[in-house]
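[1] can't give you the sequence, but here's the structure:
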């Protein structure tokens with residue numbers, strides 16, 4: 001399965017009397033971009049009033065997704081994994097890890113705990129625009 005970042009724009013009840021237009025970003029697991037688009041449309045169907053537009057679908061590669069269940073905010077951690085080859089040369093491989101946490105401090109703490117047994121360097125961590133992740137059910 002592949003992971004796709006999908007940005008959608010649609011009318012949703014925003015707490016006022018009339019629906020408002022929102023643009024949201026989701027990560028959706030799917031076999032193809034079309035499969036991921038269908039899945040996000042099915043997931044959001046109960047919340048949609050009127051028009052629904054998929055603005056962007058792009059493949060995303062994450063080393064891992066760390067869902068702590070302790071927050072509804074996703075953060076992207078940029079990490080360099082450090083390995084040593086047979087000749088003793090240090091090799092660095094940059095990866096992105098998604099971390100769910102209520103704030104950036106907790107996200108950094110969770111990321112450090114997740115990486116504790118690995119030789120690595122955390123380069124950056126930032127709050128992501130990702131609203132939710134829809135994984136495929138087996």
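    Looks like it arrived, so ask away. Nothing here was measured: the structure is a model prediction, and the numbers come from that model.

[2] Most distant residue from the centre of this protein?
    residue 87 (36.3 Å; Cα atoms, centre = their mean).

[3] For that one, give its distance to residue 61.
    If you measure residue 87 against residue 61 using Cβ to Cβ, to the nearest Å, the figure is 28 Å. In short, each C-beta sits where N, CA and C put it, glycine included.

[4] Could you grab the helix/strand/coil label for the residue farthest from the centre of the chain?
    coil (DSSP: H, G, I helix; E, B strand; the rest coil).

[5] quick one: buried residues of stretch 9-25?
    Within stretch 9-25, the residues that qualify as buried are 10-12, 24-25, counting by 16 or more other Cβ atoms under 10 Å.

[6] how many other residues sit next to residue 130?
    Per other Cβ atoms under 10 Å, the neighbour tally for residue 130 reads 19.

[7] what are the ranges of the helices in this structure?
    In the chain, the segments counted as helices under DSSP state H are 33-44, 104-114.

[8] buried set for the longest one?
    Within helix 33-44, the residues that qualify as buried are 33, 36-37, 39-41, 44, counting by 16+ other Cβ under 10 Å.

[9] Okay, domains of the chain per the record?
    2-60, 64-128 (automatic domain parsing).

[10] chain center to the longest one, what's the gap?
    In this view, domain 64-128 has its centroid 13 Å away from the chain centroid, taken as Cα atoms, centre = their mean, to the nearest Å.

[11] gap between the two ends of it?
    One end of domain 64-128 to the other measures 15 Å (Cα to Cα, to the nearest Å).

[12] Tell me where the model's unsure across the protein.
    Residue ranges of the chain with pLDDT under 70: 14, 16, 138.

[13] thinking again about what came up before, widest-spaced pair of the buried residues of stretch 9-25?
    11 and 25 (17.1 Å; Cβ to Cβ).
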